[in-house]
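# got a structure for you, letters missing:
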């Protein structure tokens, strides 16, 4: 939850290429100077970032040839090439057809797609001050280029002709879906506007692109700037594994002999859970939750104001009442009201449960604290852990001893083998270029036929210049259009790297996230579509597949084979498994409330009148009206809500995690009810056929009905979280 997908990679349709900007806080770009020097022109023509991928496995990115000096000329050349392709399509004198318009667009942008793969790596995995300077320079130019395509009148008229003809004489199903997605995508980007409105629309996009870049870079700057150092006499309560990692983090920053909590969720979360030093917990908590909200050059409040005003102005040009109405029209929810209805149905139960949790924690604090305290946000994780031990005799650190990263990786491979018939084999060291020594690569094949499916890259550890959180990226998506292309998929995490020779042990939550992001990778790898555009996704649906995969972490087959004690090799004892299962709904008040607070704020921001809106005041007042518990803070406070304000992929769509969770809980019950449980072959086959392989080649609601035989119901979600159903029922 809260882990953003970066949709990058070798071209997956022109529409996806243009949409890439919204998800990664960039757009696409034109050659900004027609009078570029001969030297730069020559460099662009031989630029390694533009070159077709060569080597094994259908060609792989030349990550070992990444040089930041090549990025700008590569981007400019890629834009120029793509614009030339688009102009040729738009100015074709033949009547518009699917072949000469839509298929031609599907072919466009190969070089540009390759450049964006490298761009996304610099932006997410290898950011530097030099890259951020270049990113700020490129962003508005990239937006201008994007507008030149999305507002190309001749191009849109050809698309519209194909679309209207397809309404009278339907095309084959996959072609019909591509036409629909391309037409709707252009229409939503203002292709039907007057020339004056188009001009303003493009200007707004250009301004927004710079604001998105600044917003994301401000967060990263505060994550790098604020580190809490502490000493040996302040280690009380901290697990040995964390102490060793904290010592290494301090030493890496020139503070040998001290310990460091970095300003990332994985580091913060562990420290707040275990540290006995309350004053330090408060400091760590305030550092993390005040990212980009410190009244300095990295403060994002003004950026939020500008972004909301510009988004509102842009949709008003197209006749919409607000940004949320425009954004949700092609999502599963369809309307902001439907999304709000779902969230408001769950919110009362979430805050009621949170109130119970705080009462339990206060009792423990009253019994154990030397001084009288009232539970504050920096105490929540700490006392929740104590309540967990008291109520369920469950020690999170004991659980971690069975969650070693290598074993978890094998557990994911096993799950993929059982459900998808995939086999993962490490590629020979050095045979595939990587962008950092931490990155490892596996070949994915069909277990039965041995057929090559793709490669899977894993970048597991946190480091300076890498954004926080966890995400999945396709470097190349599957298509059978113009020859079959196999998948290059990646997973990226921010585990705190252990000291040399120490095991990489993770929390149950982090293990769940690891499976979640692998679900996205399996969605990429299982794709069975012809046209690149169909590899896209519907935002409130794309989290469903990954959330569903989390369920296999707690299955008996995974526990017994892979959740082994890192020292003894013994599988997790049945008694400990029973405790985990018994505590499955523990802390759901906190987890649901912190998420829903962010999702509701996202929607409220975009439904409000942005004129004279003070983000900080609006956040406080809105949460107060919602009766937000004072002991809990939003999962992503507004100034560092990168999902929503460093791009548009999740704007008014953060609710999608819960929308997807309704599907997830309902689908999980389909497995629970099957004879073979979570490894039932028939249900697994339907899962792959209807929910993974089609990607966006069919309407998500229809795809789910094909799998389940009906629409999903909220009941399963409420049962999963231990919340009461209407009528008081809470168990199945």
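Sure thing, it's come through. Note that the structure is a prediction, hence the values are computed from the model and not measured. Numbering: from 1, shown residues only.

# got a list of what residue 671 touches?
Residues in contact with residue 671 (Cβ atoms under 8 Å, 6 or more residues apart in numbering) are 551, 677-678, 680, 683. (C-beta placed from N, C-alpha, C; glycine too.)

# So for it, what pLDDT did the model give?
Residue 671 is assigned 98 on the pLDDT scale.

# Assign a three-state SS to it, would you?
Going by DSSP: H, G, I helix; E, B strand; the rest coil, the secondary structure assigned to residue 671 is helix.

# Please apply the same query to residue 491.
Classified using three-state DSSP, residue 491 is strand.

# what distance separates stretch 543-560 from the centre of its chain?
Mean C-alpha position of stretch 543-560 versus that of the full chain (Cα atoms, centre = their mean, to the nearest Å) differs by 18 Å.

# contacts for it?
1, 411, 414-415, 418-419, 472, 511-512, 515-520, 522-523, 571-572, 577, 580-581, 656-657, 660-661, 663-664, 667-668, 671, 677-679, 687, 691-692.

# Those residues in strands, which ones?
Among the contacts of stretch 543-560, the members falling in strands are residue 472 (criterion: DSSP state E).

# Just the buried residues from the contacts of stretch 543-560, in PyMOL please.
Buried members of the contacts of stretch 543-560, defined by 16 or more other Cβ atoms under 10 Å, are picked up in PyMOL with:
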select buried, resi 1+411+414+415+418+419+472+511+512+515+516+517+518+519+520+522+523+571+572+577+580+656+657+660+661+663+664+667+668+671+678+679+687+691+692
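
# from the contacts of stretch 543-560, which ones fall inside helices?
411, 414-415, 418-419, 511-512, 515-520, 522-523, 577, 580-581, 656-657, 660-661, 663-664, 667-668, 671 (DSSP state H).

# What is the distance between whatever helix or strand residue 598 lives in and the centre of its chain?
Residue 598 is part of helix 588-607, with elements assigned from DSSP states H and E. The chain centre lies 17 Å from the centre of helix 588-607; the measure is Cα atoms, centre = their mean.

# From the contact counts, what lies against it?
Secondary-structure packing of helix 588-607 (3 or more Cβ pairs under 8 Å, 6 or more residues apart in numbering; DSSP states H and E): helix 301-317, helix 323-328, helix 336-368, helix 615-625, helix 642-645, helix 656-673.

# mean confidence for that helix?
98.

# in that helix, what's buried?
In terms of neighbour count (16+ other Cβ under 10 Å), helix 588-607 has its buried residues at 588-607.

# Kindly report the same for stretch 606-626.
Per 16+ other Cβ under 10 Å, stretch 606-626 contains these buried residues: 606-607, 610, 615, 618-619, 622-623, 626.

# okay, those residues in CSV with distance to residue 186 next?
CSV is the format used below for the buried residues of stretch 606-626 (distance: Cβ to Cβ, whole Å):
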residue, distance to residue 186
606, 22
607, 26
610, 26
615, 32
618, 33
619, 35
622, 34
623, 38
626, 37
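
# Can you tell me which of these is nearest residue 203?
Nearest to residue 203 out of those is residue 610 (Cβ to Cβ; 17.2 Å).

# mind listing what the closest one touches?
Residues in contact with residue 610 (Cβ under 8 Å, 6+ apart) are 305, 308-309, 311-312.

# Repeat the analysis, applying 10 Å as the threshold.
Residue 610 makes contact with 304-313, 322-323, 618, according to Cβ atoms under 10 Å, 6 or more residues apart in numbering.

# next one: residue 254
Listed by Cβ under 10 Å, 6+ apart, residue 254 has no contact partners.

# So what's the gap between stretch 285-301 and the chain middle?
Offset of stretch 285-301 from its chain centre (Cα atoms, centre = their mean): 22 Å.

# Any buried residues in stretch 77-96, and which?
For stretch 77-96, by 16+ other Cβ under 10 Å, it's 77-83, 85-86, 89-90, 92, 96.

# likewise stretch 214-229?
214-223, 226-228.

# now swap in stretch 626-636 and tell me
So for stretch 626-636, counting by 16+ other Cβ under 10 Å, buried means 626, 628-629, 631-636.

# any idea which of the contacts of residue 671 is the one closest to residue 282?
For the contacts of residue 671, the nearest to residue 282 is residue 551 (35.8 Å; Cβ to Cβ).

# any idea whether that closest one is helix, strand or coil?
Put simply, residue 551 is helix when judged by three-state DSSP.

# Need phi/psi at residue 292.
Backbone torsions for residue 292, taken as degrees, to the nearest 10, come to phi 60, psi 30.

# ok, now residue 444?
Backbone torsions of residue 444, given as degrees, to the nearest 10, read phi -110, psi 130.
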